[in-house]
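> structure for this input, please:
(2 chains)
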There are 2 protein chains.
Amino acid sequence: MSPTIRCLALALGAACTPAIAQTPAKPQTMQQVLDASRPSDWRRPDPANTLYLDLAAGRVVIELAPAFAPLHAKNIKALVRGHYFDGLAILRVQDNFVTQWGDPDAEDAKKARAFGDAGRTVAPEFERAIDKDLPFTALPDGDVYAPQVGFTNGFPAGRDEKAGKTWLAHCYGMVGAGRDNSVDSGSGAELYVVIGQEPRQLDRNIALVGRVVQGMEWLSALPRGTGALGFYERPEQRVAIRSVRLAADVPEAQRTPLEILRTDTPTFTALVESRRNRHDDWYKVPAGKIGLCNVPIPVRAAAKSP
Amino acid sequence: MSPTIRCLALALGAACTPAIAQTPAKPQTMQQVLDASRPSDWRRPDPANTLYLDLAAGRVVIELAPAFAPLHAKNIKALVRGHYFDGLAILRVQDNFVTQWGDPDAEDAKKARAFGDAGRTVAPEFERAIDKDLPFTALPDGDVYAPQVGFTNGFPAGRDEKAGKTWLAHCYGMVGAGRDNSVDSGSGAELYVVIGQEPRQLDRNIALVGRVVQGMEWLSALPRGTGALGFYERPEQRVAIRSVRLAADVPEAQRTPLEILRTDTPTFTALVESRRNRHDDWYKVPAGKIGLCNVPIPVRAAAKSP
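Reported below is the predicted structural model:
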């Protein structure tokens, strides 16, 4: 197997980006790639676009994606700043699909929690125009669902150059705004996270708003709901939400400082290659390819004071 | 979107099977397809190749795949008939990867449980020759990892017609025999199940031996292990296995009678199409495609006496 990434996906219409050509020729394991990384290969998520979903079990850190869903990010932040989610609950855990949280009384006009400054509808942000200023590191191996796939700002994304559109992709850990049949009904007051095989049929049908960058285990390992669509049937089965806060609103000492590997660097391209062809002794037949949702995006603890 | 499946994957080398051409022209939801199914569209898994993994929380039903891993199936059945797994434990739950069970003392020659009639090594069964008698329903949308993908006997499979090989694919719920670096070290005494995004890089590197057809929630929702590779760090965190039995060895009254939708019928092809293009009101942009591990294989309760 070749240690350098070649553009194998031309038949699928995927273009090769310059980043792909910068792959080091020497085979490396992912650990070797990370050990050789430089401080500039890592970034700190913006506290103004980072949510802390605090459960009794632990903290879930969510990075919002305002480049793809600016209106949803704004509305979710308005809900969070009004402490909308505090005391609400995880309502639904459907095996191999999603975990979802929000207001158990959302459908009851008398009991439903007030939205405060946030809107009840948000214009659909299911895709956006490709922009030269939006970085995109293309993967070389194609995709079943999209003409081209890769990473933008640390998020998995699909792309259709002919249509001039790009969109976030439903990979494990991606967070979206649940909606009813109406396309503007996903206000962000009910959010879901992908906990199984990529439900890529949802791409371009609903607004993805961010990604869990730490704490997935507090959302993925919950008991599955036994009602239709995995909803919990009894109120006592629900998992209480202590609070949801914007990292920027949390005192420095209570923040969870993280660094995330940048996805627009030669180091990231080397990491992708280390996963396309594994070089440890266990593997006998390197795959030579990788799917979008199989690419890990490493996260590490950061020092408290940047 | 076209309601009929066309062979969109020619660029990826996938051939269209006759089954694909039999798709009904009328758009249907999956529920409509199932409602219209006939008794002959369903099959009962063979009790001689069905395992019951019984935990305190519930029963996990695993269908073995002797057509792909006959030696492993035989060895696992020898272990099961010797009650090898009874009182052993789930040792490892790695988020978005696998849950694994076996003997906590396997590495301790003094404490390790005896294998009885079962072998300690089994020849690798990572792929097998394509055989005209082995049914294969090809999917039309290509795949990142394999030249062709589809279903054989109810199992997701990859295929390379040029090389004349086929193999089981690591989709959610697939069960494999953990191994060390040596290719024959996967005896079946340590088994794993996929609980997240398809780890397709494992395909052709390890023997898949079957699939969980009911009870995945008892394996997927367990607390994640905090040790390396998701191993539980303290013995008390492990989840005890009450027993593993072959369905054929269990009295009729204690069996879990199931029917599984056959994957070699026009009904299954119609089901695939109903998932490629969703026809309920919620979807605005039908995907028009489907990935191998996104195809559901419906299972339903059967009458106690066939």
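> for chain A, name the helix or strand with the lowest mean pLDDT.
When each helix and strand of chain A is scored by mean pLDDT, DSSP states H and E, helix A:18-21 comes last, with a mean of 42.
> beyond that helix, next helix or strand please.
On the C-terminal side of helix A:18-21, the closest following helix or strand by DSSP states H and E is helix A:30-35.
> and that following helix, which residues are buried?
Buried residues in helix A:30-35, counted by 16 or more other C-beta atoms under 10 Å in any protein chain shown: A:30, A:33-34. All C-beta atoms are positioned from the backbone trio N, CA, C, and that covers glycine.
> how about stretch A:280-299?
A:283, A:286-287, A:289-295, A:297-299.
> and stretch A:40-59, end to end?
Stretch A:40-59 has its terminal residues 27 Å apart, counting by C-alpha to C-alpha, to the nearest Å.
> any regions of chain A where pLDDT drops low?
Scanning chain A for pLDDT under 70 picks out A:1-25, A:305-306.
> gap between the residue located most distally from the centre of it and chain B?
Most distant residue from the mean C-alpha position of chain A: A:Lys110, 34.0 Å away (C-alpha atoms, centre = their mean). A:Lys110 is 27 Å from chain B, where distance means C-beta to the nearest C-beta, to the nearest Å.
> for that residue, phi and psi?
Dihedral angles of A:Lys110 (phi, psi; degrees, to the nearest 10) stand at phi -80, psi -40.
> ramachandran angles for the nearest residue to A:Val183 once chain neighbours are set aside?
In this structure, A:Val183 finds its nearest non-sequential neighbour in A:Pro124, 4.3 Å apart by C-beta to C-beta, 6 or more residues apart in numbering or on different chains. Backbone geometry at A:Pro124, expressed as degrees, to the nearest 10, gives phi -60, psi 140.
> from what I can see A:Pro124 touches A:Ser182, true?
No: counting by C-beta atoms under 8 Å, A:Pro124 does not reach A:Ser182; the two are 9.4 Å apart.
> these two: who's more crowded?
Between A:Pro124 and A:Ser182, A:Pro124 has the larger neighbour count (other C-beta atoms under 10 Å in any protein chain shown), namely 21 against 11.
> could you dump the buried residues of stretch A:280-299 into a markdown table with distance to B:Glu161 and secondary structure added?
Listed next are these as a markdown table, based on distance: C-beta to C-beta, whole Å; DSSP: H, G, I helix; E, B strand; the rest coil:
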| residue | distance to B:Glu161 | secondary structure |
| --- | --- | --- |
| A:Tyr283 | 24 | coil |
| A:Pro286 | 21 | coil |
| A:Ala287 | 19 | coil |
| A:Lys289 | 18 | coil |
| A:Ile290 | 23 | coil |
| A:Gly291 | 22 | coil |
| A:Leu292 | 26 | helix |
| A:Cys293 | 27 | helix |
| A:Asn294 | 25 | helix |
| A:Val295 | 28 | coil |
| A:Ile297 | 35 | coil |
| A:Pro298 | 38 | coil |
| A:Val299 | 41 | strand |
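> now, which of those sits nearest A:Leu88?
Using C-beta to C-beta, A:Val299 comes nearest to A:Leu88 of the buried residues of stretch A:280-299, at 26.2 Å.
> that closest one and A:Ile260 touch, don't they?
Yes: at 5.2 Å, A:Val299 counts as touching A:Ile260 under the criterion of C-beta under 8 Å.
> touching both of the two, which residues are there?
Contact with both A:Val299 and A:Ile260 is made by residues A:Val213, according to C-beta atoms under 8 Å, 6 or more residues apart in numbering or on different chains.
> number of residues surrounding the closest residue in space to A:Thr263 that isn't next to it in sequence?
Closest residue in space to A:Thr263, ignoring its immediate chain neighbours: A:Phe151 at 3.7 Å, by C-beta to C-beta, 6+ apart. Applying other C-beta under 10 Å, we find 23 residues neighbouring A:Phe151.
> near chain B, from the buried residues of stretch A:280-299?
For chain B, the contacts drawn from the buried residues of stretch A:280-299 by C-beta under 8 Å from any C-beta of the partner chain are A:283, A:286-287, A:289-291, A:293-294.
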